[in-house]
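Colleague: Here is a sequence with its predicted model. Questions after.
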Amino acid sequence: MKTVLSSLLALIAGMLITDWHAAAAEAPPPRTRAEVEAVLARAPRPDTNSSLRPLHVLLVAGPKDHGPGEHDYPAWQRQWTALLAKAPGVRVSTAFPWPKPEQWEGVDLAVFYLKTRWDAQQLAAIQRHQARGGGVVTIHWAIGCDQDWENHARHFGLSYKAASYRHGATELRLLKSAHPVLLGLPGAMRFVDEPYWPFIGDRSKITVLATSDEKINQGDDRSRNPGDGTVETVPVFWSYEPPGTDARVFVSIFGHYSWTFDDPFFRLMLLRGMCWAAKEIPYRLDHLTLEGVKLAGIPAPSAGATNRIITPPVVESVEDTVYANRPTGTNRASP
């Protein structure tokens with residue numbers, strides 16, 4: 001009887017937690033075509049007479065580790081492979097859950113959206129890639145590391161030891177509006193996603209591009225024992241150039257929810273961050289910003305439309321079945 005009662009209480013508690021997360025984070029309203037096109041119009045016009053250099057992008061994803069519409073690394077990898085393939089001169093390859101040695105060959109840019117340990121062998125692969133001048137982008141929990149955080153920070157600017165976080169509406173403030181990644185974007189934008197804090201490393205060595213103001217003692221991790229209302233500004237996007245290399249790194253802390261990837265402003269920042277990290281013309285992929293996204297007042301593409309790239313919310317991925325032998329699961333107590 002006690003076992004049954006305990007199971008019932010655990011089920012009820014899980015339902016309450018799920019309902020709380022759903023209530024705390026509802027999908028934001030879509031942006032208008034006019035506001036997005038106004039931002040795109042401020043970027044320099046591409047030189048149609050110049051030839052584009054071949055660009056090899058490696059997308060690295062891992063097993064899904066949260067509920068529907070959250071941390072869907074496999075769906076992102078599949079959808080962004082199709083998205084980037086629409087760009088002239090771009091070759092896209094993929095790795096799951098980590099690139100084999102031969103998969104690094106000829107890669108100009110490696111983009112990571114996954115949760116991994118960042119062990120010594122993985123960091124050695126990053127070091128070799130950066131020593132060749134290769135670019136790196138990390139999205140959301142890809143900045144999380146399980147050990148040797150100072151060494152990890154040397155490659156990515158800062159490191160994150162799963163600590164504090166908050167799901168929900170967030171006002172993003174731009175600090176470097178003239179930076180090519182942010183050119184033309186509003187100085188403040190509303191998103192529904194998840195900031196992290198605190199970070200490990202020397203913040204003076206990175207260029208903080210955008211921030212959010214957070215009550216650092218009242219994150220979701222402190223829901224049962226909240227502290228005082230101290231507010232601090234935490235980095236959400238940054239760029240970094242590892243000393244002693246010709247490499248570049250672009251980091252986005254946003255990316256918890258699948259709908260964020262369908263926000264044209266986020267997508268634009270990510271596309272430009274990828275180009276910047278690859279030492280490419282930052283606006284080369286701007287034309288993909290509106291590809292397949294839902295805009296205010298305009299019906300979303302039908303399910304059978306060929307230009308459908310990302311559609312929030314995303315349910316369990318096909319890859320969740322393909323990689324069923326890999327450990328997966330929902331862990332809402334983690335970032």
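Modeller: Noted; the coordinates are in hand.

Colleague: For this protein, which segments count as helices?
Modeller: 2-24, 33-40, 73-84, 120-131, 149-156, 264-277, 318-322 (DSSP state H).

Colleague: The fourth one to helix 149-156, inter-axis angle?
Modeller: Counting by axes from the mean of the first three to the mean of the last three CA atoms, to 10 degrees, helix 120-131 lies at 30 degrees to helix 149-156.

Colleague: Which elements pack onto helix 120-131?
Modeller: strand 135-139, helix 149-156 (3 or more CB pairs under 8 Å, 6 or more residues apart in numbering; DSSP states H and E). To be clear about C-beta, it is placed using only N, CA and C from the backbone, and glycine gets the same treatment.

Colleague: want to try JSON lines for these, with mean pLDDT as columns?
Modeller: Below are those laid out as JSON lines (pLDDT from 0 to 100):
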{"stretch": "strand 135-139", "mean pLDDT": "99"}
{"stretch": "helix 149-156", "mean pLDDT": "98"}
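
Colleague: what about Leu295, how many neighbours?
Modeller: By other CB atoms under 10 Å, 17 other residues sit near Leu295.

Colleague: meant to ask about Ser93
Modeller: For Ser93, the neighbour count with other CB under 10 Å is 17.

Colleague: likewise the one 5 residues further on?
Modeller: Counted with other CB under 10 Å, the burial measure for Trp98 works out to 16 neighbours.

Colleague: residues in contact with the closest residue to Leu295 other than its chain neighbours?
Modeller: Spatial nearest neighbour of Leu295, excluding adjacent residues (CB to CB, 6 or more residues apart in numbering): Arg33 at 4.9 Å. Applying CB atoms under 8 Å, 6 or more residues apart in numbering, we find Arg33 in contact with 290, 295-296, 298.

Colleague: Tell me the predicted confidence for the closest residue to Pro46 other than its chain neighbours.
Modeller: Spatial nearest neighbour of Pro46, excluding adjacent residues (CB to CB, 6+ apart): Tyr283 at 6.7 Å. Listed pLDDT for Tyr283 reads 97.

Colleague: contacting residues for Tyr283?
Modeller: 43-44, 46, 180, 183, 272, 275.

Colleague: So which of these is the closest to Arg166?
Modeller: Arg272 (25.7 Å; CB to CB).

Colleague: any low-confidence regions in the protein?
Modeller: By pLDDT under 70, the low-scoring segments of the chain are 1-24, 48-49, 299-334.

Colleague: most centrally placed residue in it?
Modeller: Ile139 (2.9 Å; CA atoms, centre = their mean).

Colleague: so what's that residue up against?
Modeller: 76, 111-113, 252, 254-255, 270.

Colleague: Let me have the contacts of Arg33 in JSON lines, extended by distance to Ala125.
Modeller: JSON lines is the format used below for the contacts of Arg33 (distance: CB to CB, whole Å):
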{"residue": "Leu290", "distance to Ala125": "35"}
{"residue": "Leu295", "distance to Ala125": "39"}
{"residue": "Ala296", "distance to Ala125": "43"}
{"residue": "Ile298", "distance to Ala125": "43"}
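
Colleague: hey, where'd the strands end up in the stretch 51-200 of the chain?
Modeller: In the stretch 51-200 of the chain, the strands defined using DSSP state E, counting those that start in this stretch lie at 55-61, 90-95, 109-113, 135-139, 164-165, 168-174, 188-193, 196-197.

Colleague: show me where the stretch 201-335 of the chain has strands.
Modeller: With DSSP E, counting those that start in this stretch as the criterion, the stretch 201-335 of the chain has strands spanning 207-215, 231-240, 249-252.

Colleague: between those strands, which one is nearest to Ser164?
Modeller: The minimum distance between Ser164 and the strands of the stretch 201-335 of the chain falls on strand 207-215, with 8.0 Å, by CB to CB.

Colleague: Report how many residues lie close to the closest residue to Pro226 other than its chain neighbours.
Modeller: Of all residues beyond its chain neighbours, the one nearest Pro226 is Gln218 (4.6 Å), with distances taken as CB to CB, 6+ apart. For Gln218, the neighbour count with other CB under 10 Å is 18.

Colleague: Name the nearest residue to Asn217, ignoring sequence neighbours.
Modeller: Gly227 (2.9 Å).

Colleague: Next up, phi/psi of the one you found, please.
Modeller: phi -100, psi -160 (degrees, to the nearest 10).

Colleague: Quick check: it touching Gln218?
Modeller: Yes - using CB atoms under 8 Å, Gly227 makes contact with Gln218 at a distance of 6.4 Å.

Colleague: quick revisit: quick check: the residue nearest to Pro226 vs Leu183, distance?
Modeller: 34 Å (CB to CB, to the nearest Å).

Colleague: do Glu194 as well
Modeller: Look at Glu194 and Leu183: by CB to CB, they are 26 Å apart.

Colleague: neighbour count winner among the two?
Modeller: Glu194 (25 against 18).

Colleague: my read: that one touches Tyr165, true?
Modeller: Yes - the criterion here is CB under 8 Å, and Glu194 meets it with Tyr165 at 5.6 Å.
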